[in-house]
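Peer 1: heads up, no residue letters with this:
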């Protein structure tokens, strides 16, 4: 079983569009399990018409709360909190949004007025789609521990992939290079970085491919909206060549992509220039991941 | 006014709007020129458009524990109080995992032998420079580091003086809706959410509204970018929720091409200079 994670660095370059299309193309020859590792903004389900089979709660970290009946307003909690989460007053209170759950206040409170409580921070789901099982999650607004939830979703998807004797675990990653991205990348056989020919796309590609290199995971690049700027496209192609990163395809800038999203289907469900370019990219990608085609 | 510009979904045009808003304000007069903070420390891109001349730079990170083994008795108290499993005692050895440490200081305070002191673990850099009259600040998380929040927190502490009240402050947020976005929005007076009229844009806008309006209690206004694509879901949602759409930027290939080359919206379409200055006024009136 191979694990392919789709990343971008910069948001909005087309990770989810590409993941849905690859899911469609891959299932023509392989058994696939899907995971949406963007737990802040999980969009893969919007184009795969999932039917939910299971819903589970995700408990994140613990947060502090102060019992007003016990608090003597000595201020020790505020003194030791490094996250500005304790607000002074006649009794002290904790801002649950700012609290990082370190429990420093819990240990320092001289009258044991503080308790640490587990938070229900999100939910994760198992669904069926026309391309195989989908594992996805929703982190509640403003919660921490997105990396932990990403790790959980991936772990569950991976176990399912082994149970199903799947050939491919396809993971739709989050933007950026921080904790949820590192969690999405961990254990992958290969990372496909979707970028666009813009100054921001080029800058963020360098950081995303740097992250893959940092964790020794081979990277591939797919250039979306490739005809938007020939100059930037060539700069990205030159960067890939210099770094020995295979450029597996160039997709044209085409409103068909948005139209497919509105219809709730992968862009490869219809024929057109983007669909054709994605099929070519998949052929190269498949070669990179599996070696010889089946 | 301190205004956070966020989106939920990535690539909707947060930086485009934030940069052009800064340029629109700076065009009024020097006193209106904003402090600009690029808080997307994982992928900081605003400098590519504002091109500040960087004149100050500092390393940032967290204070992490360093154990003096001559004093340590391997009692295990440090590991017992660490909520993040960032310090562990195995036999007579103490191991610290800097990538898991939140720098809370509990182990240092709780050690009965005072065997722990703290040292800065560098996770990124902050930079300051001027782009003409705009005072520009950004942070950059080092590649391979996981935690963006401490870099954002220290960027804000460095950039925003306590007496900033009358100066416009623009905070360009990262995508998503979890802790880095919350850290960016904390202390802001309002949030401007940039979306696109597509099913992905709408789905992620809903979550961004939950964070900004419902969790943080901020007044929220909307910019619809790439207006004309997709469907009418975003318009219907904003109408139902009473969220004002203060600006629409049409989908035009010339705008997309200009931004691809590092031009700002006001370079490409000068009429946006006054539209964005008016947008700022309209948001101030929501407060």
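Peer 2: Great, that's in hand. What you see is a predicted model; the values in this text were computed from it and never measured. Residues are numbered from 1 along each chain as shown, chains lettered A, B, ... in the order given.
Peer 1: quick one, strands of chain A?
Peer 2: Ranges of strands within chain A are A:2-7, A:32-36, A:51-66, A:86-87, A:93-94, A:114-129, A:132-139, A:168-172, A:190-195, A:219-223, A:247-250, based on DSSP state E.
Peer 1: those strands: which one's closest to chain B?
Peer 2: Closest to chain B of the strands of chain A, according to Cβ to the nearest Cβ: strand A:132-139, at 5.7 Å. Every residue, glycine included, has its C-beta placed from N, CA and C.
Peer 1: partner residues bridging the nearest residue to residue A:26 once chain neighbours are set aside?
Peer 2: In space, residue A:26 comes closest to residue A:32 once its chain neighbours are excluded; the distance is 5.1 Å by Cβ to Cβ, 6 or more residues apart in numbering or on different chains. Residue A:32 has these beta-bridge partners by DSSP bridges: residue A:168.
Peer 1: mind checking pLDDT for residue A:32?
Peer 2: Reported pLDDT at residue A:32 in the predicted model: 98.
Peer 1: now for it, how many residues are close by?
Peer 2: Applying other Cβ atoms under 10 Å in any protein chain shown, we find 24 other residues in the vicinity of residue A:32.
Peer 1: then residue B:158?
Peer 2: Neighbour tally, residue B:158, other Cβ under 10 Å: 16.
Peer 1: again with residue B:253
Peer 2: Per other Cβ under 10 Å, the neighbour tally for residue B:253 reads 10.
Peer 1: what's in contact with stretch B:203-222?
Peer 2: A:40-41, A:43, A:46, A:97, A:141-142, B:4, B:6-9, B:177, B:181-182, B:185-186, B:188-195, B:234, B:237-238, B:241, B:243-246, B:282-283, B:286-287 (Cβ atoms under 8 Å, 6 or more residues apart in numbering or on different chains).
Peer 1: distance between the ends of it?
Peer 2: Stretch B:203-222 has an end-to-end distance of 14 Å (Cα to Cα, to the nearest Å).
Peer 1: flag every buried residue along that stretch.
Peer 2: Of all the residues in stretch B:203-222, those buried under the rule 16 or more other Cβ atoms under 10 Å in any protein chain shown are B:203-213, B:215-216, B:218-222.
Peer 1: any weak-confidence spans in the stretch 51-200 of chain A?
Peer 2: The model of the stretch 51-200 of chain A has no residue with pLDDT under 70.
Peer 1: near chain B, which residues of it are found?
Peer 2: A:61-62, A:80, A:82-83, A:97-98, A:100-104, A:107-108, A:139, A:141-144, A:146-147, A:174-182, A:196-200 (Cβ under 8 Å from any Cβ of the partner chain).
Peer 1: recalculate using a threshold of 7 Å.
Peer 2: A:61-62, A:80, A:82, A:97-98, A:100-104, A:107-108, A:139, A:141-144, A:146-147, A:174-179, A:182, A:197-200 (Cβ under 7 Å from any Cβ of the partner chain).
Peer 1: picking up where we left off before, out of the strands of chain A, nearest to residue B:77?
Peer 2: Across these, residue B:77 has its closest neighbour in strand A:114-129 (17.1 Å, Cβ to Cβ).
Peer 1: coming back round to it: can you pull the contacts of the residue nearest to residue A:26?
Peer 2: Counting by Cβ atoms under 7 Å, 6 or more residues apart in numbering or on different chains, residue A:32 touches A:23, A:26, A:131-132, A:166, A:168, A:170.
Peer 1: narrow the residues you listed to those that are buried.
Peer 2: Burial by neighbour count, judged by 16+ other Cβ under 10 Å, picks out A:23, A:26, A:131-132, A:166, A:168, A:170 from the contacts of residue A:32.
Peer 1: now residue B:202: closest residue in space that isn't a chain neighbour?
Peer 2: residue B:233 (4.4 Å).
Peer 1: number of nearby residues for the closest residue to residue A:84 other than its chain neighbours?
Peer 2: Excluding its sequence neighbours, the residue lying closest to residue A:84 (Cβ to Cβ, 6+ apart) is residue A:98, at 5.8 Å. By other Cβ under 10 Å, the residues close to residue A:98 number 18.
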